[in-house]
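Enquirer: this one's structure only:
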């Protein structure tokens, strides 16, 4: 006799007594539209992870519902509706907690410093949120390529100084909306120079000299960035990761600072 | 005395007598708009490589011009203007030959087989073109995830049969426009089953049984696909790569067929 | 006048008052020798990260010393000397805390279930340790490829059941030495079947039928594994991540359980 | 009635008339031992692909035999026995042609230029071979990280010059044995400076100044390297790919030269 398709194995009981922290779908690729300070919105392509908790008594979750929630938003995802999507995931999956992670490239038109020629720069972004009962949490991360010139190399060498591409990744929690663009400016200002998509000769001269005049270790970059994030009152937590793809080594130099201002305030 | 920015080092002479086949920019990330059979156009994000040749007498090329050509098209890239972009690269860089490679995820709304629930599927695409004097060449590649069920496992086992996700990559040159969607259909039809973004229980039953009824080795998939590409008259060259991410091994099974119909015709 | 190389920029003072949590070197590739239950030792290749803290008053750390510590051990790295290496990093860098992360492929000869043909299986391993003042911490992670067959697909389909390669990653802290091999056995026993390097036809039949007879969701696998880790008394903390590279979807199914037994004990 | 495991589906006939160029196993991870100029041999970990052709009349190949051939060599793989392994694959699989691709990290102890401190450098290597009837082919590739300093930036800037990590990949066919070490020296000598694992301050000064004194474009590096490969008589074919991970851009600069000396000789 043919089997019926109506058996819902996932809904059956489980007797091992083990609650599952996260269960769901991972590495879903999806075209999305995000907020853009210059143009209102921007089309990009995201990689998404969506999870819920699963109480110990249930055998499985319903994987197809995650995709249905994602489809319901038709790819419109931003910090503004992130908590709303999380609630929807939690409710559609009959769960207590829900997690959503969305990673995407974000493009900004950037002017060369002298010629003012314009080109598109890519920044990798990531929004990570969770809702657990009444508690909500939203974290944003932005990775910004920069140029770093070594202070030690400059100080000890009769000519030149080694420099390289580095990456500054800033994660933060905030009590008020902050544009990705503002975070990128903070990251870029902490390095020897920012990097560009198009540079004419006059720009290359400018960038080379500017970097030479502002040598920084990875230690300096994390501190420069942390200082600015510290000063933004509505940022309640931040972490800064800086990695230099060293031009004189085949490995990276790396530094990290993480700070929870609320915890710091509470412990005073 | 400060140096002038007007020295053009790249334009200087080189005396080593070595012509360079390809020189240019690589791994440029760029938001683009491509043709879409269902909706006219589609926004996506590309990774681009752009090169020209460099005759032996010149020291260097002018890297910033590549980005300027890319900017001039404002991200509108398709098989229709690909040769035009190539000519522009060649001319702006004063070169004889030019190369352009554009890779991007492409999304199609796909219906589940029974419930007809719709979800977005991602396919990786790649357009590779070259212009060399009067000769032009354009190649398109599409990578399609599929399900494959092992004929041997089915034949020898009393119950079940191992199956897994596989990937069919089809490259082709054509004398007439072909939609990416047509190529995807050919790839999917050569496997045990296609894969989906959302499947309800009734769909899962359907897909499981359909795959069980159509077992294929990687060898079968390349042949199934090759047979269909062979039959499309205006496809002049094709290659098919199939990789199974084996569910019983920690490595892949792989097969490949490549055929140049013009060469085959010429040698008869 | 030529500059002297003796200026130590990193040793200078910093006045921003920001202590750095981690600073050091990342992505160092290094051939290492690890412990192997069957053969005593095994040669492999690691990717290493090494960090220390940096008090707020110092401008920079001394990056070359990390590599010198690594060199001093000539690639002999195991859970037995991990804390010793950490102390060495801390002392050579004049720091209070030190971090070491070592990731490497580990190979085990594994027998096919029926033919007993032997082949090498690769498992990705990771040791992560920290020392902070008198506190020490060491965590080991092992990623194990497995086969999972879907219970829902089996229950609702008249024939067959979709299955796929999955990956079980187990992280743990332990009060006593545990062989990587024991952890791998736990991961493999929680899935529908383990995967192999070489299978003859009689083995393929065995594995196919065994998997069909033991259908598991990702939820089942995390629970099966968690149950066994829970029962090992000297494991004080564990996490289990399971990812199925779904054969009917182009994304993964995922589940995770994490448990700190000491915390659980303390809160009783 | 239980099915017999003796049915050999792969050995059945195929009637589509399509010969398969390559069929086999891909992404096999395997610990291997390779030749090392300084120490005789070196342990490393390889990723291997193994293929044969499949005549049109046969349905499938026998995948497990590839692994058995690999096991027979117990991981001893070098240019010396590569053709032998290829013949073995071809014979064990009853094929006419066979392909073997082996990629692995290779480590060399390298001295810092002034302090003479020693550290291990990693170079990615790849051996690719084919046997087709009586014809044999073997190609070796080595990827070498280097430092490149921009001649344009130096010429137009009043101080400093942007520099970055680059990668030189050399592929070659040779009529006589060549050490990987010799190829690495050629790649490193074509750049502004080579890169190191450990550098003390006096070394950093040396490397910074040496790079500043030898500015090169990617175009210069390919030419410098090509000139040396051209001069080695027993190298019959080579290609050189150079990629600069630009420190002032978020993309790479790239150049490539490929030359078949035999073809060039034949066409004179």
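Expert: Sure thing, it's come through. Quick caveat, the model's predicted, so the values are computed rather than measured.
Enquirer: so is the spatially most central residue of chain A in a helix, a strand, or just coil?
Expert: For chain A, the residue sitting closest to the mean C-alpha position, by CA atoms, centre = their mean, is residue A:141 at 2.3 Å. Three-state secondary structure (criterion: DSSP: H, G, I helix; E, B strand; the rest coil) places residue A:141 in strand.
Enquirer: quick one, what contacts it?
Expert: By CB atoms under 8 Å, 6 or more residues apart in numbering or on different chains, the contact set of residue A:141 is A:125-128, A:169-172. To be clear about C-beta, it is placed using only N, CA and C from the backbone, and glycine gets the same treatment.
Enquirer: With residue A:126 instead?
Expert: By CB under 8 Å, 6+ apart, the neighbours of residue A:126 are A:101-104, A:140-142.
Enquirer: go with 10 Å
Expert: Shown in contact with residue A:126 (CB atoms under 10 Å, 6 or more residues apart in numbering or on different chains): A:46-47, A:101-104, A:139-143, A:169, A:171.
Enquirer: what about the stretch 151-268 of chain A, any weak spots by pLDDT?
Expert: A:267-268 (pLDDT under 70).
Enquirer: make it 80
Expert: A:264-268 (pLDDT under 80).
Enquirer: Next to chain B, which bits of it? Give me the list.
Expert: For the stretch 151-268 of chain A, the contact set with chain B under CB under 10 Å from any CB of the partner chain comprises A:196-206, A:209.
Enquirer: can you tell me which of these are in helices?
Expert: A:201-206, A:209 (DSSP state H).
Enquirer: Let me know the closest of those residues to residue D:256.
Expert: Relative to residue D:256, the closest of those is residue A:204; by CB to CB it sits at 23.4 Å.
Enquirer: filter the ones in helices among the residues of the stretch 151-268 of chain A next to chain B down to the ones close to chain D.
Expert: Okay, of those touching chain D (CB under 10 Å from any CB), that's A:201-206, A:209.
Enquirer: I'd like the residues you listed as TSV, with neighbour count appended.
Expert: Output for these, formatted as TSV (neighbours: other CB atoms under 10 Å in any protein chain shown):
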residue	neighbour count
A:201	22
A:202	16
A:203	21
A:204	26
A:205	25
A:206	20
A:209	20
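Enquirer: measure the residue in the stretch 51-200 of chain A that chain D sits nearest to to residue D:132 for me?
Expert: Closest to chain D within the stretch 51-200 of chain A is residue A:160: 3.1 Å, counting by CB to the nearest CB. Going from residue A:160 to residue D:132 by CB to CB, to the nearest Å gives 51 Å.
Enquirer: Give me the more crowded residue out of those two.
Expert: residue A:160 (25 against 15; other CB atoms under 10 Å in any protein chain shown).
Enquirer: Show only the entries of the contacts of residue A:141 found in strands.
Expert: A:125-128, A:169-172 (DSSP state E).
Enquirer: Any buried residues in stretch A:43-60, and which?
Expert: Neighbour counts over stretch A:43-60 (16 or more other CB atoms under 10 Å in any protein chain shown) mark A:43-54, A:58-60 as buried.
Enquirer: out of these, who's nearest chain B?
Expert: The closest of these, once distances to chain B are taken by CB to the nearest CB, is residue A:43, at 3.5 Å.
Enquirer: Could you say which helix or strand holds the closest one?
Expert: strand A:40-54 (DSSP states H and E).
Enquirer: Any part of that strand near chain C?
Expert: Yes - Strand A:40-54 is in contact with chain C by CB under 10 Å from any CB, via A:47-51, A:54.
Enquirer: And for stretch A:83-98?
Expert: No - figure legend: stretch A:83-98 not in contact with chain C (CB under 10 Å from any CB); closest approach 12.3 Å.
Enquirer: ok now that stretch, how far from the chain's centre?
Expert: Centre-to-centre, stretch A:83-98 and its host chain are 22 Å apart (CA atoms, centre = their mean, to the nearest Å).
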